[in-house]
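Engineer: Generate a structure from the sequence data that follows.
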Amino acid sequence: MKNLNFPIKLTFNISTLANDFTAQDANGQTVAYVKQKLFKLKEDITVYDNENKTAINYKIKADKWIDFSTAYSITNNRGKEIGKVARKGWASMWKAHYELIDQFQRPQYHIREESVWVRFFDSLLGQIPILSLLTGYLFHASYLVTNDVGEVFVKLKKEPSLFGNKFEIIKLKEMDIDDDERIILGLMMMILLEKRRG
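Structural biologist: Model prediction:
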């Protein structure tokens with residue numbers, strides 16, 4: 001996923017049992033089809049080039065299977081690790097916080113949820129039968145990718161939709177091409193985990 005044309009739209013498939021989604025660029029071109037294997041103790045994610053699964057471009061796998069600070073290793077189609085995304089344990093209990101780690105095992109970026117209240121009200125109203133149908137239109141979680149000094153490079157936001165299955169990745173500041181790839185893949189893994197949390 002080089003030279004991406006932002007914004008990138010992520011649309012989860014609601015017609016399959018798998019936890020999967022398609023990523024399309026600003027021109028409507030598919031840049032990735034992401035599928036999570038079901039019934040695995042460890043997270044096992046495959047990133048294909050398209051919905052037909054013609055070629056595998058990346059794999060994302062958990063380093064540990066029960067740990068609040070599990071790291072997810074991202075490898076390319078040659079088996080080379082290009083980075084990791086790690087959930088920040090207790091810091092993520094109420095407000096999601098992840099770290100993106102580069103290919104040299106150095107922390108590089110942070111992914112943080114903008115508002116804990118959006119998640120709170122989304123979860124609260126999601127328990128009420130009739131109102132639960134509206135939460136996809138009322139509450140829109142968003143996440144910021146920042147460096148150590150707080151500069152915002154990328155924003156991922158949930159878009160209004162009936163099933164809450166649409167997200168958009170917006171690039172706010174230029175970065176290295178390698179960082180583009182790592183950030184997008186890290187956000188893909190993060191949103192799979194966060195969508196499951198609710």
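Engineer: Okay, now the sheet partners of the host helix or strand of V85, with direction.
Structural biologist: Assigned by DSSP states H and E, V85 belongs to strand 81-87. With DSSP bridges as the test, strand 81-87 is paired with strand 71-76 (antiparallel), strand 97-101 (antiparallel).
Engineer: check contacts around the closest residue to V85 other than its chain neighbours.
Structural biologist: Leaving out its chain neighbours, the residue that sits closest to V85 by Cβ to Cβ, 6 or more residues apart in numbering is G186, at 3.9 Å. Every residue, glycine included, has its C-beta placed from N, CA and C. Contacts for G186 (Cβ atoms under 8 Å, 6 or more residues apart in numbering) come out as I74, G83, V85, Y98, L100, Y109, I111.
Engineer: Format those as JSON lines; extra columns: neighbour count and distance to G28.
Structural biologist: Shown next, in JSON lines, are the contacts of G186 (neighbours: other Cβ atoms under 10 Å; distance: Cβ to Cβ, whole Å):
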{"residue": "I74", "neighbour count": "26", "distance to G28": "25"}
{"residue": "G83", "neighbour count": "25", "distance to G28": "28"}
{"residue": "V85", "neighbour count": "25", "distance to G28": "27"}
{"residue": "Y98", "neighbour count": "27", "distance to G28": "28"}
{"residue": "L100", "neighbour count": "24", "distance to G28": "27"}
{"residue": "Y109", "neighbour count": "24", "distance to G28": "28"}
{"residue": "I111", "neighbour count": "27", "distance to G28": "26"}
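Engineer: Can I get the longest helix belonging to the chain in CSV? Just the C-alpha atoms.
Structural biologist: Using DSSP state H to define each element, the chain has its longest helix at helix 177-197. Provided in CSV are the C-alpha atoms of helix 177-197 (Å, rounded to 0.1, in the frame of the first residue of the first chain):
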residue,chain,number,x,y,z
ILE,A,177,5.8,6.5,2.6
ASP,A,178,6.9,3.7,4.9
ASP,A,179,5.0,5.5,7.7
ASP,A,180,1.9,5.7,5.6
GLU,A,181,1.9,1.9,5.2
ARG,A,182,2.6,1.2,8.9
ILE,A,183,-0.1,3.7,10.1
ILE,A,184,-2.8,2.4,7.8
LEU,A,185,-2.1,-1.3,8.7
GLY,A,186,-1.9,-0.3,12.4
LEU,A,187,-5.3,1.5,12.2
MET,A,188,-6.8,-1.5,10.4
MET,A,189,-5.8,-3.8,13.2
MET,A,190,-6.9,-1.3,15.9
ILE,A,191,-10.3,-0.9,14.4
LEU,A,192,-10.9,-4.7,14.3
LEU,A,193,-10.1,-4.8,18.0
GLU,A,194,-12.1,-1.6,18.9
LYS,A,195,-15.2,-2.7,16.8
ARG,A,196,-15.3,-5.9,18.8
ARG,A,197,-15.2,-3.9,22.1
